[in-house]
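Novice: starting from these lines, generate the structure:
(chains A and B)
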Amino acid sequence: MSPYDSLPPRAFWRSGVVAEVPDSVEPLPAIQGLYLPKFAITKDTAIMTAGSCFAQHVHRNLHERDWAVLDFESPRHNFRRDVMTRFGYGMYSARYGNIYTARQMVQLLHEAYGFETPHAPVWQRPDGKYVDAQRPAIEPDGYDTPELVGDARAHHLRILRKTFESTELLVFTLGLTETWCHEASGTVYPTAPGVIAAPDQPQEISYRNDGHRAVMADLRALNDFGKSRNPHFKLLLTVSPVPLTATASGTHVLPATTYSKSVLRAAAGEFARTHDTVDYFPSFEVITNAATRGRFFEANQRSVTNAGVKAAMNMFFQAHGEEVNAPQPRTSSSLTGGMTDDGDNAVQCEEVLLDAMNRSLT
Amino acid sequence: MKVLVLGTSHSASVRMASDWIKRAYPDLEVDYFSLPGAVHSRSLMIGSTFGPTPSDTYGCKMSQQWNGNLMIDLAPYAQIFHVGERFAMGAVTRLMADYDILEYEERSLRPVMSLSAARALIGTAVYDFVEARHDVFDDDPRITFMPAPYPLARGAKRGPGFESTMSRLNKRHTAADWSQIYEHAMGTSLADFGYRFIAQPNHTRQGIFATKDIFARPKSSVTDVGDKVDNRHTNAAYGQEIFAAYAQSQLGLAPLEPASAPQS
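Specialist: A predicted model of the protein is given here:
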């Protein structure tokens, strides 16, 4: 009798993976038993989303299924999605853009509550326009003055505080270990100087590649901060399956990606394993497992296909009791490029024309 | 010259002014074709005729009842005055009521949005709306659009027919700036598709985003109809004013008889 004899099929590669993802089946099914939630998440759980770009899919799917995903900063009507996204609206629970590292997330929350002031908050683009160094892509036209950057950020942080105070569950997607840092202050930035814009003293910003210990410390800081604001705060961690676009590590981008994802995955797993109110959602495994043979990636071998997103999110919804094939309650007119408009009262419309008809006939 | 007044229920005000239009513009032969907004928006062109599709039972019934015909042939008309489209008004006005503009001085507890983002969101919303109309009417330089009037000023009063968004919007110091952005979006989007645009005449407005109460439909207030108050639709006097604005700006014609005083 070995310790493996009594294990369920999901514990074995052949039955848990190979048999679950048949070679010829399209669309690829989600692997059963991959996600066994530690705690319940319901449609009414106030969810905040943040993280690397894969988190956008999480946010959008929750929103479209009318889950209580928070967003106090985006227009409530469904404006065109591509325009919303261009300006950072509707991507996450506030307009902070992509947050690639746990360090950046902690720094953002600390800044919102006045515990930390990031160094060099305003960077300048080659065209002379200014950007918010912590979210340089959310205003594609840039700002005319540094003061406008500060004003916009102050308002954003106010909304962020309101969002975080309302949050019961933070879904955070870890994306990178590589980051850009002002060593003296410890401020991290989502982009390197020169990619979009640069600070006055770009030489002060240097490359950093975090290890397991640093990521664990940041996750602890994030969780502790959440608990300090709300004792019932819960954290759901995911790791973005999207490979690095580029690495500044000096190594090939492939091992750099493997390193980054391995560190993040190990840290997320260990942190979730040791905290009752922290869970890990294995979207990374759904997308990247060998049995999918890369079919959940687009032709660029980097972007996740819609089918991949659907498989991951269906796994989430199924695990939390949502019927995944049910019609989605929120019909997003922005998906079709149209606009909803409550229009005029139909009965009144009828009456007014009948009035007009009577008038013109008499 | 044959002119068609085409549109939603808001075109009824022009139809109500038909007797005056006949006297004021004797050289014009004006016809009318109106459909409820929802029916109008799903109606189609078949050849040169416009109207509800045969499968639209309700739309056909309404068209017959309102127009005496199921469809209208647009071919004989030299000009078309299209009245009452909303141009994403609900979404756009809510956006304008809910945000401060970063570059403007006015600050409330609302979130801020850059001018660039506001212009892009409003511009594309209006553009998409116009594009959808172009899908129906195709290229037709005869058409001049005037949007639905803003709700009546009395709609700012809480109670039946309360126009919450417009009320909030009208109180804003930046209302004129917002109006400029919205109406610029309507004008440029329509021009992109070869149509012409006239904004609601300023003299019919109370402030920026409201219509003067003197243009209310008769017997449509709370005291007359209780909960069924109508703060959206307008009377024949409004119809006279907008037709006069159309005739002056698009046809170069002044009325031979002054518009009659509104009766509310």
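Novice: just give me the neighbour total for residue 17.
Specialist: I'll assume chain A. 17 (other Cβ atoms under 10 Å in any protein chain shown). Where you see a C-beta, it was placed from the backbone N, CA and C, and this is true even at glycine.
Novice: to clarify, I was referring to chain B.
Specialist: Neighbour number of residue B:17 under other Cβ under 10 Å is 28.
Novice: from chain A, how far off is it?
Specialist: Per Cβ to the nearest Cβ, to the nearest Å, residue B:17 is found 9 Å from chain A.
Novice: list the contacts of that residue.
Specialist: Residue B:17 sits next to B:236, B:237, B:239, B:240, B:243 when contact means Cβ atoms under 8 Å, 6 or more residues apart in numbering or on different chains.
Novice: now it, nearest residue through space, not along the chain?
Specialist: Once flanking residues are discounted, residue B:17 sits nearest to residue B:239: 3.5 Å by Cβ to Cβ, 6 or more residues apart in numbering or on different chains.
Novice: the one helix or strand that neighbour maps to - contacts with which helices or strands?
Specialist: Residue B:239 is part of helix B:236-246 when elements are defined by DSSP states H and E. Judged by 3 or more Cβ pairs under 8 Å, 6 or more residues apart in numbering or on different chains; DSSP states H and E, the packing partners of helix B:236-246 are helix B:12-16, helix B:18-24, strand B:79-85, strand B:143-147.
Novice: who are the packing partners of the last one?
Specialist: With contacts defined as 3+ Cβ pairs under 8 Å, 6+ apart, strand B:143-147 has these neighbours: strand B:79-85, helix B:175-192, strand B:196-197, helix B:236-246.
Novice: so for the shortest one, mean pLDDT?
Specialist: Confidence for strand B:196-197, expressed as mean pLDDT, is 98.
Novice: then the longest one?
Specialist: Over the span of helix B:175-192, the pLDDT mean works out to 94.
Novice: is chain A contacted by it?
Specialist: No. Against chain A, helix B:175-192 shows no contacts by Cβ under 8 Å from any Cβ of the partner chain, the least distance being 12.3 Å.
Novice: thinking again about what came up before, just the helices and strands packed on helix B:236-246: most buried one?
Specialist: With neighbours defined as mean count of other Cβ atoms under 10 Å in any protein chain shown, the helices and strands packed on helix B:236-246 peak in mean count at helix B:12-16, which reaches a mean of 29.
Novice: and that one, what does it pack onto?
Specialist: Checking 3+ Cβ pairs under 8 Å, 6+ apart, helix B:12-16 ends up next to helix A:346-361, strand B:29-34, helix B:236-246.
Novice: let's go with 10 Å and repeat that
Specialist: Other helices and strands packing on helix B:12-16, by 3 or more Cβ pairs under 10 Å, 6 or more residues apart in numbering or on different chains; DSSP states H and E, are helix A:346-361, strand B:2-7, strand B:29-34, helix B:57-67, strand B:79-85, helix B:236-246.
Novice: so which of these is nearest residue A:274?
Specialist: helix A:346-361 (58.5 Å; Cβ to Cβ).
Novice: show me what contacts the residue nearest to residue A:15 when sequence neighbours are not counted?
Specialist: Nearest residue to residue A:15, sequence neighbours excluded (Cβ to Cβ, 6+ apart): residue A:9, at 3.7 Å. Going by Cβ atoms under 10 Å, 6 or more residues apart in numbering or on different chains, residue A:9 touches A:15, A:16, A:19, A:20, A:32, A:33.
Novice: now list the buried members of the residues you listed.
Specialist: Buried members of the contacts of residue A:9, counted by 16 or more other Cβ atoms under 10 Å in any protein chain shown: A:16, A:20.
Novice: report the two of the contacts of residue A:9 separated the most.
Specialist: A:19 and A:33 (11.8 Å).
Novice: before we move on, back to that, surely the residue nearest to residue B:17 meets residue B:24?
Specialist: No. Taking contacts as Cβ atoms under 10 Å, residue B:239 lies outside contact range of residue B:24: 11.6 Å.
Novice: average model confidence for the strand or helix carrying residue A:131?
Specialist: Per DSSP H and E, residue A:131 falls inside strand A:130-132. Strand A:130-132 shows a mean pLDDT of 98.
Novice: where does chain B dip in pLDDT?
Specialist: B:261-264 (pLDDT under 70).
Novice: tell me, what residue is most central in it?
Specialist: residue B:148 (1.8 Å; Cα atoms, centre = their mean).
Novice: sorry, back to before: what sits in contact with each of residue B:239 and residue B:24?
Specialist: B:17, B:259.
Novice: count of neighbours near residue 65?
Specialist: Here I'm looking at chain A. 18.
Novice: oops, wrong one, chain B.
Specialist: 12.
Novice: circling back: and of the helices and strands packed on helix B:12-16, who's closest to residue A:121?
Specialist: strand B:79-85 (44.4 Å).
Novice: list the neighbouring strands of that closest one plus their orientation.
Specialist: The pairing partners recorded for strand B:79-85 under DSSP bridges are strand B:2-7 (parallel), strand B:143-147 (parallel).
Novice: now that strand and strand B:29-34, what's the angle there?
Specialist: Counting by axes from the mean of the first three to the mean of the last three Cα atoms, to 10 degrees, strand B:79-85 points 30 degrees away from the direction of strand B:29-34.
Novice: just the CA atoms of strand B:79-85, as CSV, please.
Specialist: Extracted in CSV, the C-alpha atoms of strand B:79-85 (Å, rounded to 0.1, in the frame of the first residue of the first chain):
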residue,chain,number,x,y,z
GLN,B,79,-34.8,68.3,-48.6
ILE,B,80,-35.4,66.2,-45.5
PHE,B,81,-35.6,67.6,-42.0
HIS,B,82,-34.9,64.8,-39.6
VAL,B,83,-36.1,65.6,-36.1
GLY,B,84,-35.8,63.8,-32.7
GLU,B,85,-32.9,61.4,-32.7
